[in-house]
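In: This is a predicted model, with the sequence first.
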Protein chains: 2
Amino acid sequence: MSHDTPQKLLEQGMAMLLQRGYNDMGVTALLEATQIPKGSFYHHFSSKEDFALQVIDVYMTEVHKGLDHFLGDKSVPPLKRVRGFFEGTVQKYRGEGYLGCLLGGLGQELSGVSETFRLKVEECFNLIAGRIAVVLQEAIDDGDLAKGTDPQKMAELLVNCWEGAALRTRLRRDPAPLMEMLDFYFRTAAA
Amino acid sequence: MSHDTPQKLLEQGMAMLLQRGYNDMGVTALLEATQIPKGSFYHHFSSKEDFALQVIDVYMTEVHKGLDHFLGDKSVPPLKRVRGFFEGTVQKYRGEGYLGCLLGGLGQELSGVSETFRLKVEECFNLIAGRIAVVLQEAIDDGDLAKGTDPQKMAELLVNCWEGAALRTRLRRDPAPLMEMLDFYFRTAAA
């Protein structure tokens, strides 16, 4: 049972951080929700900050799995693979009640006061955009995107517009802003 | 002096909310920064929530002033007016150290737990998008945007992509994500 303890805490903590944000997530409430004693939390995590950073790592492991799944299938045209990843993410958001993106939430809340979180979240977006850029380069090579396109810039743009649409989805509990953003981006990127 | 008290608190509070977010902004720190006694705060504001909602109102008054200024000049083509508003906002962000948008920050942090803030921030974005949509309709009438364009959807899209770029600007302390988003949007919206 103690073997599952950190995993249980990280999973519950991810849900709580997504809903409540960092400052409003109480460690006591987390322990109550998981029925895990305080000493056990501090055995596995040195602080609440350490805990939240590890939650981000778990979140990113899931994101990379999604990227592997959607971007890796070379039988699908590159732009369709990229769009597939984001449409898969909409489904993930649906399962959480359309609360948006944990990276966007923690990035907004903490990057004004914490260099640690500012750099961590920025690094996550960089990694995601970097993986998308590789596939956009394939789209350029295939002639599906204009030759002069900068794949890194176009990937950053997609990730950034996505994050804004995800905020609006969180505000409305509605996936429409995400789908409309994808429609606009892929219609115009490929034009 | 007491006549300026609420204004002084709201101005200082706006800067603190933009940097620290809601939960990390202490009323005590606000009172220390402004040298205003606690009783005076609670004379003007019923609670921290009431205070933050009034900060949003002040923020929106500034946004509306910016919209009046940039959208109102009919001698400028409509799309140029809309872009001018956002470029003016970049200048505003620069003066604050590129911390992004207060609405995006509070919307992310609080909309998972507070219906009051969720509805308030969503209403603000609706108002901004609504005013932009009026000018996009002018652009449609002038033939600068395709006839079939839905001005409300295109305005929402712009506001949403902006918010994502503003988050990235906050993470990087760099205006480039905002300018690249505007370039993409106006290049492709007008295509």
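Out: Received it, and whenever you're ready, just let me know what you need. Quick caveat: nothing in here was measured; it's all calculated off a predicted structure. Numbering: from 1, shown residues only, chains lettered A, B, ... in the order given.
In: Neighbours of A:Tyr42, how many?
Out: Applying other CB atoms under 10 Å in any protein chain shown, we find 13 residues neighbouring A:Tyr42. To be clear about C-beta, it is placed using only N, CA and C from the backbone, and glycine gets the same treatment.
In: Next secondary structure after the helix or strand where it lies?
Out: Assigned by DSSP states H and E, A:Tyr42 belongs to helix A:38-44. Sequence-wise, the next helix or strand downstream of helix A:38-44 (DSSP H and E) is helix A:48-71.
In: From the rest of the structure, what touches whichever helix or strand comes after that next one?
Out: Of the helices and strands lying after helix A:48-71 in sequence (DSSP H and E), the nearest is helix A:78-95. Applying CB atoms under 8 Å, 6 or more residues apart in numbering or on different chains, the contact partners of helix A:78-95 are A:66-67, A:69-71, A:73, A:76, A:99-101, A:132, A:135-136, A:138-139, A:142, A:144-145, A:158, A:162, A:166, A:169, A:175, A:178-179, A:182, A:186, A:189-190.
In: Repeat that for stretch A:124-134.
Out: When contacts are defined by CB under 8 Å, 6+ apart, stretch A:124-134 is touched by residues A:56, A:60, A:63-64, A:67, A:71, A:82, A:85, A:103, A:107, A:151-152, A:154-156, A:158-160, A:163, B:168, B:171.
In: Try it again at 7 Å.
Out: Here stretch A:124-134 makes contact (CB atoms under 7 Å, 6 or more residues apart in numbering or on different chains) with A:56, A:60, A:63, A:67, A:71, A:82, A:103, A:151-152, A:155-156, A:158-159, B:168.
In: Over to stretch A:55-63?
Out: So stretch A:55-63 is contacted by A:Leu10, A:Gly13, A:Met14, A:Leu17, A:Leu102, A:Leu106, A:Lys120, A:Cys124, A:Ile128 (CB under 7 Å, 6+ apart).
In: Any chance of those in CSV with pLDDT as columns?
Out: Shown next, in CSV, are the contacts of stretch A:55-63 (pLDDT from 0 to 100):
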residue, pLDDT
A:Leu10, 98
A:Gly13, 98
A:Met14, 98
A:Leu17, 98
A:Leu102, 98
A:Leu106, 98
A:Lys120, 98
A:Cys124, 98
A:Ile128, 98
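In: how about the residues you listed, which pair is most distant?
Out: Distance extremes for these: the farthest pair is A:Gly13 and A:Ile128 at 21.2 Å, using CB to CB.
In: now the end-to-end length of stretch A:11-28.
Out: End-to-end distance for stretch A:11-28: 15 Å, by CA to CA, to the nearest Å.
In: try stretch A:140-151
Out: Distance between the two ends of stretch A:140-151: 8 Å, counting by CA to CA.
In: again with stretch A:41-49
Out: 12 Å.
In: Show me which positions of that stretch end up buried.
Out: A:Phe41, A:His44, A:Phe45, A:Lys48 (16 or more other CB atoms under 10 Å in any protein chain shown).
In: Equivalent analysis for stretch A:125-133, please.
Out: So, applying 16+ other CB under 10 Å, buried residues of stretch A:125-133: A:Phe125, A:Asn126, A:Ile128, A:Ala129, A:Arg131, A:Ile132, A:Ala133.
In: next one: stretch A:172-180
Out: The neighbour-count check on stretch A:172-180 (16+ other CB under 10 Å) flags A:Arg172, A:Pro175, A:Pro177, A:Leu178, A:Glu180 as buried.
In: So of the buried residues of stretch A:41-49, which two are at opposite extremes in space?
Out: A:His44 and A:Lys48 (12.3 Å).
In: and for the two, which residues touch both?
Out: Shared contacts of A:His44 and A:Lys48, defined by CB under 7 Å, 6+ apart, are absent.
In: Now do the contacts for the residue of chain A at minimum distance from chain B.
Out: Here chain A gets closest to chain B at one residue, A:Gly164, 2.7 Å apart by CB to the nearest CB. Contacts here follow CB under 7 Å, 6+ apart; on that basis A:Gly164 touches B:Asn160, B:Cys161, B:Trp162, B:Glu163, B:Gly164, B:Ala165.
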